[in-house]
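S.K.: Can you look at this prediction? I've put the sequence above it.
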Amino acid sequence: MRSRFHSFLCALIAFAAPVCAQAPAQDASASAVDAVEAALQRWQMASGTRGAERRAALDQLAKFDDARVTAALLAELERAGNDTFAVQVLDAIGQRPRPDAVPALQAALQRAGSPPPVQKAAATAIARQGNRGIDWLLELVRADGDAVRIDVRVASALGLAAVGDDRAWRGLAPLALRGSTPERQAVLRLLAPAHDVGAVTQVRLRLLLDGDPVLAATAWHQLAVEHHPRARTAFEDLVERLGSSPAPEVLVELIEGLGLGVWNDAYAPFLRFAASERPAVQAVLRRVAGGLAADASFARWLLAEAIDNRVAAERRVAFMILGKAPAETVQPLLDKVRQGLQHPTPDTLELALALGDLLAKDAHWPDDVKHLLASGDPAVRTAGFALLFDLGVGDAIEQAQHNLNAKEWELRSVAYRYLLRWRALASIPLLIARVDKEQGRLSVELNDALFAHCGVRCWTRAEWEAWWKKHRDTHALPAAATVAQQQSRTDGPTVAYYGIRLVSKRTIFLIDCSGSMLAKIGTDKKHTRLDEAKRQLRNVVEQLPEDQLFNVMSYEGTVTPVWDALHKATPADKAHVLDLLAKAAVGRGGTNIHDALELAFRDPDVDTIYLLSDGEPTVGKIVDVTELAAAVRRWNYTRQIVVHTISLGTDSKLLQQLAQDSGGQYVMQR
């Protein structure tokens, strides 16, 4: 029975609430009597209503220690029964000492069928009645066997924890040393708000040596919150006992504890722990990163040691924390990066992109970026144009023109888009010279750039040359507003996936196969989201021309590509994909958007990705939507991949951002 008790306690522990401060005692003067009368009258008028006025009248009534007020509250408690409003009434009763109310509170706690929130509110009100109420609840909590129902013991423990009284903490503390590991862990977590209570501290010190790593780490974290000297001295031993791969629950406790103040010997372990890809670890890291960034000593260590760390996940953590540090702290690093960009390499570029938000605050950053345009590495030049594009710097037109004939499609693509935004008459003949040399997406980008310069559309190089020969002496650039109103057009038939036209010749489709894709859609509810995604993709695959290069990747907790690289849409390969689509089913994993995109980006030939999902990321190397979007944005400074996104059932901010950042389209379908 004890195991059932604490299992239920684990489920309800989130209901624990902080202590509500008791209102000061009312002055037994004539004015106080008048105030009670006014409160009772207001309550009489509001008690039969619902909404804010009833709540306000109840709050006013709760302030008074008066027999008539207690009677009114008890009457309302009886009327409320198990309604959610009973929780508010119980809270009002607990605001003042009301001995006459204790039997009713005990009845509400022990009544069969009382919802857990009502039971917890009743127990909290009992605990607020003083030592007798606390002792009575402790008797219930300590009861063995079937003498007291599990739900009553759970509510009693939560009520004791809610009042934050030293007597309650001392009574609960020994329970953390009894029973199984899950039972002790539940009680220890319940004791988390207790500070400077000797009995609780002694329990934590004993559990610090426990063989269970979660118990030991939780006890250590709570000692760190207390700033107990043992927290620091025991850390090294604890880390040694935990081994090289602690469980996520352990990492959360350690990172949160170190987030209160990390010392020299803990710098390297912290970085190793924080590099975990588990969502819970990433979430706690985000909570503590700001505080750690303000620690000048730790930030200097990150600058000196962690930046050269060859473990990518640890570098990511270092960059994340340094990105929140004061500018004066990271200035030496920024100076180093800027100096490295004088002769840029892929390594210095990676560092610059990781610290882009900090560097962008420097007025000289655009000049530093221009050094990238002189690099012999095409990827570095591509990133340079993309960064200037984002910074709104349009004085690199001549350099963009020089890269129109680059071998690398990524460099040509960013040059087309750069020249489309910053127009010059001298670009027109250079753009015309590229007509008939591009296919797919780049052909569209080239035609859009020409339209922005000329205000007309032609479809062959001969047509363009004839037009330019006729107009070059008199032509003026069309108004930007007129150009902006025109949509891109393609010649010939088009294929669309969820309404987004397929203009690329090198495409990967990412299909969410997580469990939520089983949700029914349509008025008849006969089909699932996955059924519709498969139908839409089947229509696309059937229409692909043979010169199309494509791949399909399904993802849930893991990512499963059809092929390792893009394949031509031959009849045999299309038939293979259609067969796999027919058999596709949801998996048991979560939604791993990061790893799906990462794998798709590794294909050197892909220029367009269609990403379909019906939820937020839940697993993968990065699950935080802001960090995930930032990571994809960094990848795309050199890759220039367009990401079209389709969100099913929800309006996804992440998918919107991914499409917006890459120049793609976003579609939301209910």
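M.R.: Right, received. Where do you want to start? Numbering: from 1, shown residues only.

S.K.: ranges for the strands of the stretch 351-500 of the chain?
M.R.: Taking DSSP state E, counting those that start in this stretch, the strands of the stretch 351-500 of the chain run over residues 495-497, 500-502.

S.K.: Equivalent analysis for the chain, please.
M.R.: Ranges of strands within the chain are 495-497, 500-502, 506-512, 520-521, 527-528, 549-555, 559-561, 567-568, 608-613, 642-648, 666-669, based on DSSP state E.

S.K.: got TSV for those strands, with distance to Ser443 and mean neighbour count too?
M.R.: Every C-beta, even on glycine, is put in place using the N, C-alpha and C of the backbone. Listed next are those as TSV, based on distance: least, C-beta to C-beta, whole Å; neighbours: other C-beta atoms under 10 Å:
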stretch	distance to Ser443	mean neighbour count
strand 495-497	15	16
strand 500-502	13	18
strand 506-512	12	25
strand 520-521	35	14
strand 527-528	36	15
strand 549-555	15	24
strand 559-561	27	18
strand 567-568	18	16
strand 608-613	13	26
strand 642-648	13	25
strand 666-669	23	17
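
S.K.: Tell me which of those strands lies nearest to Val330.
M.R.: strand 642-648 (30.2 Å; C-beta to C-beta).

S.K.: May I have the strands that pair with that closest one, each with its orientation?
M.R.: strand 608-613 (parallel), strand 666-669 (parallel) (DSSP bridges).

S.K.: show me where pLDDT drops low in the stretch 551-670 of the chain?
M.R.: Low-confidence segments of the stretch 551-670 of the chain (pLDDT under 70): none present.

S.K.: hang on, the earlier thing: format the strands of the chain as CSV; extra columns: distance to Gln401.
M.R.: Putting these into CSV (distance: least, C-beta to C-beta, whole Å) gives the following:
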stretch, distance to Gln401
strand 495-497, 33
strand 500-502, 29
strand 506-512, 25
strand 520-521, 49
strand 527-528, 51
strand 549-555, 29
strand 559-561, 38
strand 567-568, 33
strand 608-613, 25
strand 642-648, 23
strand 666-669, 32
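
S.K.: Which one of the ones you listed lies nearest to Arg241?
M.R.: Per C-beta to C-beta, nearest to Arg241 of those: strand 559-561, 35.1 Å.

S.K.: Could I get the strands of the stretch 351-500 of the chain in CSV, plus columns for mean pLDDT and distance to Gly81?
M.R.: Formatted as CSV, these follow (pLDDT from 0 to 100; distance: least, C-beta to C-beta, whole Å):
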stretch, mean pLDDT, distance to Gly81
strand 495-497, 92, 54
strand 500-502, 94, 54
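
S.K.: Is it possible to get the ones you listed out as TSV so that each row also shows distance to Cys454?
M.R.: Formatted as TSV, the strands of the stretch 351-500 of the chain follow (distance: least, C-beta to C-beta, whole Å):
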stretch	distance to Cys454
strand 495-497	28
strand 500-502	23
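
S.K.: For Leu391, which of the ones you listed is the nearest?
M.R.: Using C-beta to C-beta, the nearest of these to Leu391 is strand 500-502, at 28.5 Å.

S.K.: Parallel or antiparallel, list what pairs with the closest one.
M.R.: strand 495-497 (antiparallel).

S.K.: Quick one, which of the strands of the stretch 351-500 of the chain gets closest to Tyr666.
M.R.: Of these, nearest to Tyr666 by C-beta to C-beta is strand 500-502, at 8.9 Å.

S.K.: Pro332: neighbour count?
M.R.: 12 (other C-beta atoms under 10 Å).

S.K.: Excluding sequence neighbours, find me the nearest residue to it.
M.R.: Leaving out its chain neighbours, the residue that sits closest to Pro332 by C-beta to C-beta, 6 or more residues apart in numbering is Leu303, at 6.3 Å.

S.K.: Kindly report the same for Tyr267.
M.R.: Trp301 (5.1 Å).

S.K.: do Ala216 as well
M.R.: For Ala216, the spatially nearest residue (C-beta to C-beta, 6+ apart) is Asp210, at 5.0 Å.

S.K.: Could you list which residues are in contact with Val414?
M.R.: 382, 385-386, 389, 400, 640 (C-beta atoms under 8 Å, 6 or more residues apart in numbering).

S.K.: want to try TSV for those residues, with distance to Ala224 and neighbour count as columns?
M.R.: Output for the contacts of Val414, formatted as TSV (distance: C-beta to C-beta, whole Å; neighbours: other C-beta atoms under 10 Å):
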residue	distance to Ala224	neighbour count
Thr382	46	29
Phe385	48	27
Ala386	43	24
Phe389	46	18
Ala400	54	28
Gln640	46	26
